[in-house]
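K.L.:
missing the sequence, but the structure's below:
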């Protein structure tokens, strides 16, 4: 397993295709949520993903300050269903948090978390900052770290 941090411009066509394919498989097909995945934020984000040889296992993006929120954020966290329950989401988020703090020198992170993942994000130190709201017809909460 190998971790990759890449800007949008550094992604190969193959990597971008695999990322979009996985995001669509989970967020649109599996969660039955029709929404615009290609939202223009990918160009202003760092893309963190785990690959095993050529297989994409897990992914998230780190939109820069001002792209999604006033502060830096994490979004589109996804794990290939065949590789779930192996701790990959936790490992990926820890890498992202460390990167944001150590490399980007940011101390506050904002996320829009699906409500059912509240305790997972709390276990990583995030705190609930909003009431529940619907985003693409799925209950979400805003959470902050730092």
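P.N.:
Thanks, I have the structure now. Because the structure is predicted, anything quoted here is derived from the model rather than measured.

K.L.:
right, and the helix or strand after the helix or strand of the chain with the lowest mean pLDDT?
P.N.:
Least confident helix or strand of the chain, by mean pLDDT, DSSP states H and E, is strand 133-135 with a mean of 94. Moving toward the C-terminus from strand 133-135, the first helix or strand encountered (DSSP states H and E) is strand 138-145.

K.L.:
Would you map the helices across this protein?
P.N.:
Ranges of helices within the chain are 13-23, 88-102, 118-122, based on DSSP state H.

K.L.:
for the record, mean pLDDT for the last one?
P.N.:
In this model, helix 118-122 has a mean pLDDT of 97.

K.L.:
for that helix, packing partners?
P.N.:
strand 138-145 (3 or more C-beta pairs under 8 Å, 6 or more residues apart in numbering; DSSP states H and E). To be clear about C-beta, it is placed using only N, CA and C from the backbone, and glycine gets the same treatment.

K.L.:
How about residues contacting the strand it packs on?
P.N.:
For strand 138-145, contacts defined as C-beta atoms under 8 Å, 6 or more residues apart in numbering pick out 31, 33, 71, 97, 108-116, 118, 121-122, 124-134.

K.L.:
ok, back up a step: where's the least confident helix or strand of the chain relative to the chain centroid, distance-wise?
P.N.:
Computed by C-alpha atoms, centre = their mean, to the nearest Å, the chain-centroid distance of strand 133-135 equals 17 Å.

K.L.:
next one: stretch 112-132
P.N.:
13 Å.

K.L.:
distance between the ends of it?
P.N.:
Start-to-end span of stretch 112-132 (C-alpha to C-alpha, to the nearest Å) is 10 Å.

K.L.:
Would you mark the buried spots in it?
P.N.:
112-114, 117-118, 121, 124, 126 (16 or more other C-beta atoms under 10 Å).

K.L.:
Go through these and name the one nearest residue 89.
P.N.:
Nearest to residue 89 among the buried residues of stretch 112-132, counting by C-beta to C-beta, is residue 117 at 8.8 Å.

K.L.:
I'd like the distance between the closest one and residue 77.
P.N.:
9 Å (C-beta to C-beta, to the nearest Å).
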